[in-house]
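Participant: Got a sequence here, can you build the structure:
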Amino acid sequence: MTQQPQAKYRHDYRAPDYQITDIDLTFDLDAQKTVVTAVSQAVRHGASDAPLRLNGEDLKLVSVHINDEPWTAWKEEEGALVISNLPERFTLKIINEISPAANMALEGLYQSGDALCTQCEAEGFRHITYYLDRPDVLARFTTKIIADKIKYPFLLSNGNRVAQGELENGRHWVQWQDPFPKPCYLFALVAGDFDVLRDTFTTRSGREVALELYVDRGNLDRAPWAMTSLKNSMKWDEERFGLEYDLDIYMIVAVDFFNMGAMENKGLNIFNSKYVLARTDTATDKDYLDIERVIGHEYFHNWTGNRVTCRDWFQLSLKEGLTVFRDQEFSSDLGSRAVNRINNVRTMRGLQFAEDASPMAHPIRPDMVIEMNNFYTLTVYEKGAEVIRMIHTLLGEENFQKGMQLYFERHDGSAATCDDFVQAMEDASNVDLSHFRRWYSQSGTPVVTVKDDYNPETEQYTLTISQRTPATPDQAEKQPLHIPFAIELYDNEGKVIPLQKGGHPVNSVLNVTQAEQTFVFDNVYFQPVPALLCEFSAPVKLEYKWSDQQLTFLMRHARNDFSRWDAAQSLLATYIKLNVARHQQGQPLSLPVHVADAFRAVLLDEKIDPALAAEILTLPSVNEMAELFDIIDPIAIAEVREALTRTLATELADELLAIYNANYQSEYRVEHEDIAKRTLRNACLRFLAFGETHLADVLVSKQYHEANNMTDALAALSAAGAAP
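Facilitator: Residues are numbered from 1 along each chain as shown. Got it, this is the predicted structure:
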């Protein structure tokens, strides 16, 4: 009888009784029956009578040897092999059989088309051989692969290729050696027949690294962008974080049937083809940027995840939140920082906030889990990245990088915790983050309410900021968090008012740590317009009674691009919400002229980033709007969004058409400047499609038939489908 899954708790963690320092694997590959020989060097750290409990599932055990002697003091239990009466140090040899073709779980070694490949995170290695399948056991891996040369001409694994040779009966072998200790979830093996794109990268210390990108036969012409993205990632990680690649070779394999988006196995990343293959007639600008981001994310794991890994899976955000933050910064440095930040915030507001408000609510470092694979959530990844970003905001770039250096100095080659990371940041910067640690343990989305007051006689401006986090199913009681709350104040000419108190400058990032706090600023000579939660400095919901005048002012004058977009979103959300109520009562749409004028000013701004202008023109999604309603009427929201789009299209028709024509490009290039212009042009087309019917038909048809890339063709189809 199969046992019911048991809950696991973070506070129950205990170090393993045994460590494995080295493992020598041999795979005699066959899709139906693969023989795995695992020779491990083990050391006991626990009590002398402690048994060695190895994880294993769907394995056929052949033999167990200790120090080259057959061993009988073992027993098989469900999901485990328990070995007893062991010396303090010993060599463990296990031989077992597996069937990749019969592996429908797609964990461990399985068949993907005609190839064989692995997926071991989180607990897949136990489907390959009996082992301590936990992330705090780090060993140096040597892997020998033996297979039919015609079926499997390429035999790949982690580390550096150290030997290879031919065998009888058309078979061959390759041996790989990874000199860096790693947990078994980072093990990888790929065997198959591929086209290969080869290149090199010279590190800042002068080492030449071989780069190899393996794709299915016939897909080589869709691989160059992924190679470019990889080289950009390697260069950026050296320049921004001072981190250099450490092996002689870096390989990426793209397969259609990979069960994850991508996996950062040491030196041998395995990707779903979606995140590698691109060609102008099959991929949009978004596809190209997603490939660049995901290639970067998996490469950045080489240090934040591989060189320093997680002590246990409750610490998953240690590697994923940090690496998502790094890939966000990578995309921002190479492209539009404002647009990338906007996309990050859209994910938080439209998706992660909903997860926080659901029965699935959990902290970024959960305390309990039943199935480890359920840890891979928006909260752990995206909110985890926001927590790292808040640390960066509180410390600044220089101190954050000092913290990263100290983190690697302390934990390189080991398994760490979220607390270890925060401690390194504290020690490197001398900034107290003790209160901030609550972000790791408290679930839910804080609601921050802001009230302000201006006294013209004393020339003082006062902000009263309060916070509350609604109860979640996992936590009834909530505590105040340390919220970095970034602000700017503007005078009536759009100039930033310096923040002062008692004759001293005040940091624009306010430290909100209590349920309610008051901040008073001196020498404010005009009634200011506040920009609040600049750059979305904390993953919170903001409550403030904006006036239309304040929002349209910020759309025109805020020096922070994110604040301009956020003001536009708030303005649009106000009128969507207002008109949903009117729609439900059978009343006509209401949109004041000054709202359309604010968007006209954006379109006429010659200095604005075209990609930012496109984002400002994009109405909040139905998901984002749903967050603003106690009782959600998705049909009404969708109909009001459409009606509002039609109204703006009519009011701004001349400007939209002029910008559409001005941003025409005869040649397609994957350059961020060109992408920005295409994005704005296609945003204009979508609006125009809601306007004058004949003109819309002509524009949409012409763009579709003349398009030399998937982005423009798909935009034309989308506009045609969206129009009434």
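Participant: Going by C-alpha atoms from here, please, whenever you check contacts or count neighbours.
Facilitator: Noted.
Participant: Buried residues, stretch 416-427. List them.
Facilitator: 416, 417, 418, 421, 422, 423, 424, 425, 426, 427 (16 or more other C-alpha atoms under 10 Å).
Participant: now it: mean pLDDT?
Facilitator: For stretch 416-427, mean pLDDT rounds to 99.
Participant: what's the distance between that stretch and the middle of its chain?
Facilitator: Its chain's average C-alpha position is 21 Å from that of stretch 416-427, according to C-alpha atoms, centre = their mean, to the nearest Å.
Participant: which residues are in contact with it?
Facilitator: 308-312, 315, 317-318, 365, 399-400, 402-404, 406-407, 431-433, 437, 440 (C-alpha atoms under 8 Å, 6 or more residues apart in numbering).
Participant: Against which helices or strands is the host helix or strand of residue 450 packed?
Facilitator: Secondary structure from DSSP states H and E places residue 450 in strand 447-455. Judged by 3 or more C-alpha pairs under 8 Å, 6 or more residues apart in numbering; DSSP states H and E, strand 447-455 is in contact with strand 460-468, strand 541-543.
Participant: Next, the buried residues of it.
Facilitator: Neighbour-count burial for strand 447-455 [16+ other C-alpha under 10 Å]: 447, 448, 449, 450, 454.
Participant: quick one, domains of this structure?
Facilitator: 16-191, 194-302, 313-431, 446-545 (automatic domain parsing).
Participant: now for these, which one comes closest to residue 714?
Facilitator: Closest to residue 714 of the domains of the chain, according to C-alpha to C-alpha: domain 194-302, at 8.1 Å.
Participant: what's the span of that closest one, first residue to last?
Facilitator: Distance between the two ends of domain 194-302: 24 Å, counting by C-alpha to C-alpha, to the nearest Å.
Participant: Averaged pLDDT, that domain. What do you get?
Facilitator: 97.
Participant: Contacts for stretch 328-348 next, please.
Facilitator: Contacts for stretch 328-348 (C-alpha under 8 Å, 6+ apart): 233, 236, 292-293, 296, 382-383, 535-536, 539, 561-562, 565, 611-612, 615, 624, 672.
Participant: what about the helices in the stretch 551-700 of the chain?
Facilitator: Secondary structure of the stretch 551-700 of the chain, counting by DSSP state H, counting those that start in this stretch: helices at 561-584, 593-604, 610-617, 622-626, 634-651, 653-662, 672-688, 693-706.
Participant: and these, which one's lowest on average pLDDT?
Facilitator: Minimum mean pLDDT among the helices of the stretch 551-700 of the chain: helix 622-626, a mean of 89.
Participant: What is it packed up against?
Facilitator: helix 634-651.
Participant: Identify each buried residue in the helix it packs on, please.
Facilitator: 636-638, 640-651.
Participant: Between all of the residues you listed, which two are separated the most?
Facilitator: Pairwise over those, using C-alpha to C-alpha, the maximum falls at 636 and 651, 22.4 Å.
Participant: residues touching residue 582, list them.
Facilitator: 588, 589.
Participant: mind running it again at 10 Å?
Facilitator: If a contact means C-alpha atoms under 10 Å, 6 or more residues apart in numbering, then residue 582 has 576, 588, 589, 590, 636, 640 as its contacts.
Participant: ok, back up a step: quick one: closest of the helices of the stretch 551-700 of the chain to residue 71.
Facilitator: Of all these, helix 622-626 comes closest under C-alpha to C-alpha, at 59.7 Å.
Participant: Report the separation between the most far-flung residue of the chain relative to its centre and residue 527.
Facilitator: Relative to the mean C-alpha coordinate of the chain, counting by C-alpha atoms, centre = their mean, the farthest residue is residue 457 (49.1 Å). Computed as C-alpha to C-alpha, the residue 457 to residue 527 distance reads 11 Å.
Participant: Skip the chain neighbours and tell me the closest residue to residue 719.
Facilitator: Computed as C-alpha to C-alpha, 6 or more residues apart in numbering, the closest residue to residue 719 that is not its neighbour in sequence is residue 686, at 4.7 Å.
Participant: I figured residue 57 hits residue 97, correct?
Facilitator: No - judged on C-alpha atoms under 10 Å, residue 57 makes no contact with residue 97 at a distance of 11.2 Å.
Participant: Between these two, which contacts overlap?
Facilitator: Common neighbours of residue 57 and residue 97 (C-alpha under 10 Å, 6+ apart) are 128, 129.
Participant: Next, residue 91: secondary structure please.
Facilitator: strand (DSSP: H, G, I helix; E, B strand; the rest coil).
Participant: Bridged to it, which residues?
Facilitator: Judged by DSSP bridges, the bridge partners of residue 91 are residue 41.
Participant: Tell me how many other residues surround it.
Facilitator: Residue 91 has 19 neighbouring residues, counting by other C-alpha atoms under 10 Å.
Participant: and if you look at residue 4?
Facilitator: For residue 4, using other C-alpha under 10 Å, the count is 7.
Participant: tell me the SS of it?
Facilitator: Relying on three-state DSSP, one would call residue 4 coil.
Participant: so what's the most centrally placed residue in the chain closest to, chain neighbours aside?
Facilitator: Geometric centre of the chain, nearest residue: residue 324, 3.8 Å, by C-alpha atoms, centre = their mean. Nearest residue to residue 324 in three dimensions, chain neighbours excluded: residue 385, at 5.6 Å (C-alpha to C-alpha, 6+ apart).
Participant: how close does that neighbour sit to residue 140?
Facilitator: Residue 385 is 30 Å from residue 140, by C-alpha to C-alpha.
Participant: Those two: who's more crowded?
Facilitator: Using other C-alpha under 10 Å as the criterion, residue 385 and residue 140 rank with residue 385 on top: 27 against 20.
Participant: which stretch of helix or strand covers that one?
Facilitator: helix 384-395.
Participant: Any buried residues in that helix, and which?
Facilitator: 384, 385, 386, 387, 388, 389, 390, 391, 392, 393, 394, 395.
Participant: Much appreciated, bye for now.
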